[in-house]
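Peer 1: Coordinates for the following, if possible.
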Amino acid sequence: MRHQDGSAGDANYGAIGSGYVHFRQPDPRIAAFIHAALGDAETVLNVGAGAGSYEPTDRSVTAVEPSASMRAQRPAHLPKAIDAVAENLPFPDRAFDGAMATFTIHQWPDLAKGLIEMRRVARGPIVLLTCDPDLLDRFWLNDYAPDAIAVEGRRYPSVRRITEALGGTVDVQSVPIPLDCVDGFNEAYYGRPEMLLDPAARQACSAWSFVAPEAVRRFENDLRRDLTAGAWDARFGALRSQPVFVGSLVLIIGR
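Peer 2: From the prediction side, this is the model:
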């Protein structure tokens, strides 16, 4: 299914993606994992490229992004993205040294077909940044917004499903999330809970668009109350100074 702006997944980025770049900047420490996994690949395909987070600037990158809203937010120093979907990549076999996809595979209507397409067009590594749904409950948000965690758990494909679809040799790496992470996915705020009271910050995390308004209001009321009363800090306050959080973020590398 494609939404009015071309978004091809379950989330309509024409509706929720307008302020994405203000909250979802590439974090250099996470980027280092991706760039290392790409190895010496000089030509790279970025599938579901969005506004260009984590695209290497020292290599030749071809970006694919179906959402017009997200393509419009790409900064001028990055190449313009091609309007296409993962399941039907408009490139010949083995056209690129490597391929990458960050925070996007949970959006694909046909995961296996998209990964097969990435294998087809890439001669080298396939690098996927995603979240392991089996590890989502490590995050304190599960205590305050179980509906949001449940949504993410349903949307993110399991690591086993991804590795089976990729085939070949697959390596799975846990990616630590830094305390001052500038890529504002939910777990990036593990030590800054106040950020998740900002509706604009939540809008940059697509899972919240599937949470019922009454559940969002309940989350806001409960978290605001516990922050004011000190109850959140009594349970989780050590996270405010914890340098990294090892949560659900993983890098999956197919070779």
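Peer 1: In the stretch 101-250 of the chain, what residue spans correspond to helices?
Peer 2: 111-121, 141-144, 146-155, 159-166, 199-203, 213-229, 231-236 (DSSP state H, counting those that start in this stretch).
Peer 1: hmm, who's touching stretch 226-243?
Peer 2: With CB atoms under 8 Å, 6 or more residues apart in numbering as the contact definition, stretch 226-243 has outside contacts at 140, 144, 178, 179, 190, 191, 192, 193, 194, 223, 225, 245. Backbone N, C-alpha and C define where each C-beta goes, glycine included.
Peer 1: Disregarding flanking residues, what is the spatial nearest neighbour of the fourth one?
Peer 2: So the one you mean is residue 179. residue 191 (5.0 Å; CB to CB, 6 or more residues apart in numbering).
Peer 1: Quick one: classify residue 54 as helix, strand or coil.
Peer 2: Judged by DSSP: H, G, I helix; E, B strand; the rest coil, the three-state class of residue 54 is coil.
Peer 1: Of the contacts of stretch 226-243, keep whichever come out buried.
Peer 2: For those, a burial check counting by 16 or more other CB atoms under 10 Å picks out 140, 144, 178, 179, 190, 191, 193, 223, 245.
Peer 1: For the nearest residue to residue 149 once chain neighbours are set aside, the count of nearby residues, please.
Peer 2: The shortest distance from residue 149 to any non-neighbouring residue, by CB to CB, 6+ apart, is to residue 142 (4.6 Å). When neighbours are counted by other CB atoms under 10 Å, residue 142 registers 15.
Peer 1: Residue 142 and residue 40, how far apart?
Peer 2: 40 Å (CB to CB, to the nearest Å).
Peer 1: likewise residue 216?
Peer 2: Taking CB to CB, one finds residue 216 at 45 Å from residue 40.
Peer 1: more neighbours, those two?
Peer 2: residue 216 (16 against 9).
Peer 1: State the distance from the closest residue to that one other than its chain neighbours to residue 42.
Peer 2: Nearest residue to residue 216, sequence neighbours excluded (CB to CB, 6+ apart): residue 208, at 6.9 Å. Here the criterion is CB to CB. By it, residue 208 lies 38 Å from residue 42.
Peer 1: Between those two, which has more neighbouring residues?
Peer 2: residue 208 (23 against 14).
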